[in-house]
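Student: next input, structure requested:
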Amino acid sequence: MLTKVISEQHLVNQKNGGGIIKIEAWENHSRKIVKYSMAYINNTIYSGDNGRVLGYDNAHNFHHKHYFGQIIEIKNFDGFEKQVESFELEMKEFIK
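Tutor: Here you go, the predicted model:
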């Protein structure tokens, strides 16, 4: 059984670019993150993919990145914490 350990949603001020940041993560009985989803959603920048401009998740049994509707497989997954770091760095492109 998985337990949701992170469930965050942050509104980005319009003067900083607008949109919503969502982060969710679930851990197993060993307290290891085994499922995650991170997304920057902003329909004014991109209307496809439900407004997801940038995202990372491991749905569909593989680690991947969403970028303006494209799905890019992550071949060298280094753990959840590293994915969060990558997500935060890449969001700076859109959030001032």
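
Student: chain center to the one helix or strand residue 22 maps to: distance?
Tutor: Element membership of residue 22 [criterion: DSSP states H and E] is strand 20-27. Offset of strand 20-27 from its chain centre (Cα atoms, centre = their mean, to the nearest Å): 7 Å.

Student: ok, the residue nearest to residue 66 when sequence neighbours are not counted - contacts?
Tutor: Among residues not flanking residue 66 along the chain, residue 55 sits closest, at 3.9 Å (Cβ to Cβ, 6 or more residues apart in numbering). For glycine as for every other residue, the C-beta is placed from the backbone atoms N, C-alpha and C. By Cβ atoms under 8 Å, 6 or more residues apart in numbering, residue 55 lies in contact with 37-40, 65-66, 87.

Student: nearest to residue 95, of those?
Tutor: Nearest to residue 95 among the contacts of residue 55: residue 40, at 7.5 Å, using Cβ to Cβ.

Student: kindly confirm my reading that the closest one is in a helix.
Tutor: No: Residue 40 sits outside any helix when classified using DSSP: H, G, I helix; E, B strand; the rest coil, being strand.

Student: which residues does the residue nearest to residue 66 bridge with?
Tutor: residue 39, residue 66 (DSSP bridges).

Student: distance of it from residue 30?
Tutor: The spacing between residue 55 and residue 30, counted by Cβ to Cβ, to the nearest Å, is 26 Å.

Student: also residue 15?
Tutor: As judged by Cβ to Cβ, residue 15 and residue 30 stand 43 Å apart.

Student: and if you look at residue 63?
Tutor: 19 Å.

Student: so which of those two has more stuff around it?
Tutor: Neighbour comparison, residue 63 and residue 30: the larger count goes to residue 63, with 18 against 6 (by other Cβ atoms under 10 Å).
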